[in-house]
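S.K.: just to be clear, the model below is a prediction. Sequence and coordinates:
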Amino acid sequence: MSPPSPLNLKRLLVVLVISLLAFILIEHYGWLDRSVQHQGSNPARGEQVQLMLRVIFLPLIPIGVYVVYLGYRIIRSGRFPPPGSWMLKSLPPQHGTLARLRGWLALFTGLCLGGLGIYGAIVVPQEILSLLNTQ
C-alpha cells in the first residue's frame with residue numbers, strides 16, 4: 001500500500017476546513033432556522049437538539065460530494081479504482097461494465113448521503129423542535 005500523496009492530503013484538509021467554516025457560519029447566523037420560534041417551555045433543550053443533529057448530519061454533505069466525485073471519476077475512466085487514487089487495501093483493477101456499474105453505484109450512494117445530510121441538518125431539527133414546542 002502506497003502512502004497518500006501530499007496533494008490528496010491537502011485536498012482533504014481543504015474540504016475539512018471549508019466544512020468546519022461552513023458549519024460555524026451556519027450556526028452563527030442561524031441560516032437553517034426557518035422561522036420557528038422557541039415557544040416551548042425549554043428553548044435551550046430545543047437548541048441543544050438542533051445542534052446535536054446538525055453535528056451528526058452536516059458531515060454527510062462533504063462525504064457525499066466526495067463519493068459523487070469518486071463515482072464520476074470511475075465512470076469517466078471505466079476503471080475501478082480510478083487512476084491516481086489510493087486505496088486502503090490493494091485491489092485488482094476492474095475495467096469495463098463492472099467498473100462503470102461500481103461508478104454508478106458510488107454516484108447514487110454519494111447523492112443519497114448528501115441528500116440525507118441536507119435533510120437531516122435542515123428538516124429534522126425543525127420537526128423535532130416543533131414537537132418539543134407543542135408539548
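M.R.: In hand now; what should we look at?
S.K.: shouldn't Gln126 be within a strand?
M.R.: No. Under DSSP: H, G, I helix; E, B strand; the rest coil, Gln126 falls outside any strand and is assigned helix.
S.K.: so how far is Gly64 from it?
M.R.: Gln126 is 21 Å from Gly64, where distance means CB to CB, to the nearest Å. C-beta: built from backbone N, CA, C; applies to glycine.
S.K.: neighbour count: those two, which is higher?
M.R.: Neighbour count, other CB atoms under 10 Å: between Gln126 and Gly64, Gly64 has more, with 20 against 17.
S.K.: so what does the one helix or strand the more buried one maps to touch, helix or strand wise?
M.R.: If you go by DSSP states H and E, Gly64 is part of helix 60-77. Here helix 60-77 touches helix 6-29, helix 97-134, going by 3 or more CB pairs under 8 Å, 6 or more residues apart in numbering; DSSP states H and E.
S.K.: worst average pLDDT in those?
M.R.: Looking at these, the lowest mean pLDDT belongs to helix 6-29 (a mean of 72).
S.K.: so which bits of the helix or strand that that one is followed by are buried?
M.R.: Moving toward the C-terminus from helix 6-29, the next helix or strand (DSSP H and E) is helix 43-57. Of the residues in helix 43-57, Gly46, Val49, Gln50, Leu53, Arg54, Phe57 count as buried by neighbour count, 16 or more other CB atoms under 10 Å.
S.K.: any idea how far Lys89 is from the fourth one?
M.R.: Think Leu53. Remark: distance between Leu53 and Lys89 (CB to CB) = 33 Å.
S.K.: now do the fifth one
M.R.: According to CB to CB, Arg54 stands 33 Å off from Lys89.
S.K.: also the second one?
M.R.: Taken as CB to CB, the spacing of Val49 relative to Lys89 amounts to 39 Å.
S.K.: Provide a list of residues in contact with the closest residue to Phe80 other than its chain neighbours.
M.R.: Nearest non-adjacent residue to Phe80, counting by CB to CB, 6 or more residues apart in numbering: Ala99, 4.1 Å away. Contact analysis of Ala99 by CB atoms under 8 Å, 6 or more residues apart in numbering lists Ile74, Ser77, Gly78, Arg79, Phe80, Pro93.
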